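J.: Got a predicted structure plus its sequence, pasted below:
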Amino acid sequence: MKVTFCGHSQIAPSEIKHISERLKEVIEELIWEGADEFLLGGYGDFDKLCAATVKELKNTHPHIKSILIIPYIDRAFDQQLYDCSEYPPLENVPKRFAISKRNEYMVDNSDTIISFINHTYGGAFKTFSYAKRKAKQLIDI
């Protein structure tokens with residue numbers, strides 16, 4: 001089972017501990033249900049929190065895989081939190097649409113989406129809405 005994440009780029013410092021604990025519970029439950037691949041975006045607070053949580057859970061679940069999905073082939077990314085990276089078929093997509101098309105790719109190639117959505121605008125909300133239209137399993141933190 002494949003899981004991806006969508007969330008706002010900023011998390012209030014007062015929310016980080018609660019979100020981190022809840023995220024760990026949800027991911028671990030999904031691992032027990034068969035989740036073994038986690039597609040990650042690598043931007044913003046929520047993405048980094050998700051990547052760090054998956055990496056931590058690899059200590060007790062070494063079979064899981066953390067995959068960074070990159071929107072730009074010519075941009076360097078810090079890959080310390082990930083097992084590997086993938087570049088989806090975006091070479092013909094204008095740069096200004098690369099992140100949104102990458103997000104759609106992540107949703108299309110996942111069974112479950114874990115989200116952190118607290119307002120109805122921005123890229124995270126658009127990705128969440130796309131996942132909803134695709135009838136994906138949605139878990140909001």
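T.: Structure's in. What do you need? Residues are numbered from 1 along each chain as shown.
J.: now the helices for this protein?
T.: Secondary structure of the chain (DSSP state H): helices located at 13-32, 44-57, 95-108, 123-133.
J.: Check which helices and strands the last one sits against.
T.: Judged by 3 or more C-beta pairs under 8 Å, 6 or more residues apart in numbering; DSSP states H and E, helix 123-133 is in contact with strand 2-7, helix 95-108, strand 112-116, strand 137-140. Any C-beta I mention is one placed from the backbone N, CA and C, and that applies to glycine too.
J.: Just the pLDDT for the closest residue to I67 other than its chain neighbours.
T.: The shortest distance from I67 to any non-neighbouring residue, by C-beta to C-beta, 6 or more residues apart in numbering, is to L39 (5.3 Å). L39 is assigned 98 on the pLDDT scale.
J.: quick one: contacts for the residue sitting furthest away from the middle of the chain?
T.: Going by C-alpha atoms, centre = their mean, the residue of the chain most distant from its centre is N92, 23.1 Å out. Applying C-beta atoms under 8 Å, 6 or more residues apart in numbering to N92 gives no contacts.
J.: follow-up on the earlier one: deepest-packed of the helices and strands packed on helix 123-133, please.
T.: strand 2-7 (a mean of 26; mean count of other C-beta atoms under 10 Å).
J.: other SSEs contacting that strand?
T.: strand 37-40, helix 44-57, helix 95-108, strand 112-116, helix 123-133.
J.: now with 10 Å?
T.: In terms of contacts (3 or more C-beta pairs under 10 Å, 6 or more residues apart in numbering; DSSP states H and E), strand 2-7 is packed against helix 13-32, strand 37-40, helix 44-57, strand 65-69, helix 95-108, strand 112-116, helix 123-133, strand 137-140.
J.: Just the C-alphas of stretch 14-23, formatted as PDB.
T.: Only the C-alpha atoms of stretch 14-23 are listed here, as PDB (Å, rounded to 0.1, in the frame of the first residue of the first chain):
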ATOM      1  CA  SER A  14       2.500  25.300  19.300                       C
ATOM      2  CA  GLU A  15       0.900  22.600  17.100                       C
ATOM      3  CA  ILE A  16       4.100  20.700  16.100                       C
ATOM      4  CA  LYS A  17       4.100  18.300  19.100                       C
ATOM      5  CA  HIS A  18       0.500  17.400  18.700                       C
ATOM      6  CA  ILE A  19       0.700  16.900  15.000                       C
ATOM      7  CA  SER A  20       3.900  14.900  15.300                       C
ATOM      8  CA  GLU A  21       2.300  12.500  17.800                       C
ATOM      9  CA  ARG A  22      -0.900  12.100  15.800                       C
ATOM     10  CA  LEU A  23       1.100  11.600  12.600                       C
END
